[in-house]
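Undergrad: here are the coordinates; sequence isn't available:
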């Protein structure tokens with residue numbers, strides 16, 4: 001395995017497989033900011049085979065219950081990925097590989113090929129969670145004077161980064177969520193993409209998002225348990241909509257078994273798509 005040194009190298013690895021013109025399957029979607037931060041840690045590695053590239057991001061965080069690695073593949077076929085993964089599992093001493101497999105939901109099993117998830121499960125992977133994508137179409141509408149008048153909700157500041165990192169790790173499963181690094185949090189703060197709700201000088205809730213010209217993407221949204229039933233979550237979400245008031249589409253991923261969250265998102269106009277993110281451990 002070798003360290004990935006640059007975004008340009010990642011792009012070359014993707015083209016290495018694409019240019020074979022023998023098929024293309026992947027669970028890796030390049031994000032220059034995120035993956036640039038991974039490269040800086042020196043823990044983002046790759047291995048290249050005749051028709052497959054494996055990308056591995058090693059977690060050596062003392063807060064982790066045990067060592068694990070996010071694993072991504074770029075290949076001509078799932079069969080080739082599985083062949084190389086079997087060798088890796090026997091050769092390298094990893095506690096877990098964690099893979100995200102984004103696929104369309106298929107209602108009928110008749111007359112279709114096996115999905116990548118099904119093939120990995122047959123290989124011996126374990127299903128840990130499934131996320132569903134939800135989308136809201138159209139410009140957000142609201143009484144923005146009330147939203148921006150809520151003085152509890154403000155943008156996070158640079159000095160908040162370490163505290164936000166601690167809150168995220170205390171409230172989300174890092175193996176399932178791909179939590180941002182502190183360096184990513186600092187960039188999100190600089191971009192004004194982290195909202196915090198402050199009560200009595202303490203962070204009561206957080207909302208992290210991404211924003212481009214047409215799409216608003218909710219990444220993490222939480223209210224700390226001791227501040228629930230204080231309107232914290234609603235205040236954050238309304239401010240989120242305000243920040244993306246000119247967008248045409250708002251999206252998020254939610255655990256398919258989190259009925260309360262799904263119901264709340266539907267209340268705000270989100271609807272389920274037929275896209276799933278299956279999280280597998282191997």
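TA: Right, received. Where do you want to start? As the structure is a computational prediction, the values presented were derived from the model and not from experiment.
Undergrad: how far does the longest helix along the chain sit from its chain's centre?
TA: For the chain, the helix with the greatest residue count under DSSP state H is helix 78-91. Relative to the chain's own centre, helix 78-91 is displaced by 24 Å; criterion: CA atoms, centre = their mean, to the nearest Å.
Undergrad: which residue ranges of the stretch 1-150 of the chain form helices?
TA: 7-18, 32-41, 78-91, 116-123, 144-148 (DSSP state H, counting those that start in this stretch).
Undergrad: may I see the buried residues of the third one?
TA: What that stands for is helix 78-91. 78, 80-82, 84-85, 88 (16 or more other CB atoms under 10 Å). No exception for glycine: its C-beta is placed from N, CA and C like everyone else's.
Undergrad: and residue 41, what is it in contact with?
TA: By CB atoms under 8 Å, 6 or more residues apart in numbering, the contact set of residue 41 is residue 181.
Undergrad: give me the mean pLDDT for stretch 74-83.
TA: Averaged over stretch 74-83, pLDDT sits at 96.
Undergrad: what's next to it, contact-wise?
TA: By CB under 8 Å, 6+ apart, the residues outside stretch 74-83 that reach it are 13-14, 16-17, 20, 22-26, 28, 49, 51-55, 73, 116, 119-120, 123.
Undergrad: remind me which helix or strand the nearest residue to residue 197 once chain neighbours are set aside belongs to.
TA: Nearest residue to residue 197 in three dimensions, chain neighbours excluded: residue 205, at 4.2 Å (CB to CB, 6 or more residues apart in numbering). Assigned by DSSP states H and E, residue 205 belongs to strand 202-211.
Undergrad: what do you get for residue 164?
TA: Following DSSP H and E, one finds residue 164 within helix 161-171.
Undergrad: could you do residue 240 as well?
TA: Using DSSP H and E, residue 240 sits within helix 232-243.
Undergrad: and for residue 274?
TA: Assessed by DSSP H and E, residue 274 sits inside strand 271-281.
Undergrad: just how off-centre is that strand within its chain?
TA: So, by CA atoms, centre = their mean, the centroid of strand 271-281 is 12 Å from its chain's centroid.
Undergrad: cool, and stretch 148-162?
TA: For stretch 148-162, the separation from the chain centroid amounts to 22 Å (computed by CA atoms, centre = their mean).
Undergrad: buried ones in that stretch?
TA: Those buried within stretch 148-162 under the rule 16+ other CB under 10 Å are 150, 152-153, 156, 160-161.
Undergrad: how near is the closest residue to residue 129 other than its chain neighbours to residue 177?
TA: Nearest non-adjacent residue to residue 129, counting by CB to CB, 6+ apart: residue 279, 4.6 Å away. From residue 279 across to residue 177, the span is 9 Å (CB to CB, to the nearest Å).
Undergrad: go on, residue 20?
TA: Counting by CB to CB, the separation of residue 20 from residue 177 is 33 Å.
Undergrad: neighbour-wise, which of those two wins?
TA: Between residue 20 and residue 177, counted using other CB atoms under 10 Å, the more crowded position is residue 177 (17 against 13).
Undergrad: so what's the more buried one up against?
TA: 168, 220.
Undergrad: give me the buried entries from the contacts of stretch 74-83.
TA: 13-14, 17, 25-26, 28, 51-55, 73, 116, 119-120, 123.
Undergrad: out of these, flag the one nearest to residue 193.
TA: Closest to residue 193 out of the buried ones among the contacts of stretch 74-83 is residue 28 (22.4 Å), distances taken as CB to CB.
Undergrad: residue contacts, that closest one?
TA: By CB under 8 Å, 6+ apart, the residues touching residue 28 are 14, 55, 72-74.
Undergrad: the closest residue to it other than its chain neighbours: neighbour count?
TA: Leaving aside its chain neighbours, residue 28 sits nearest to residue 72 (3.8 Å; criterion: CB to CB, 6+ apart). Neighbour count of residue 72, defined by other CB under 10 Å: 19.
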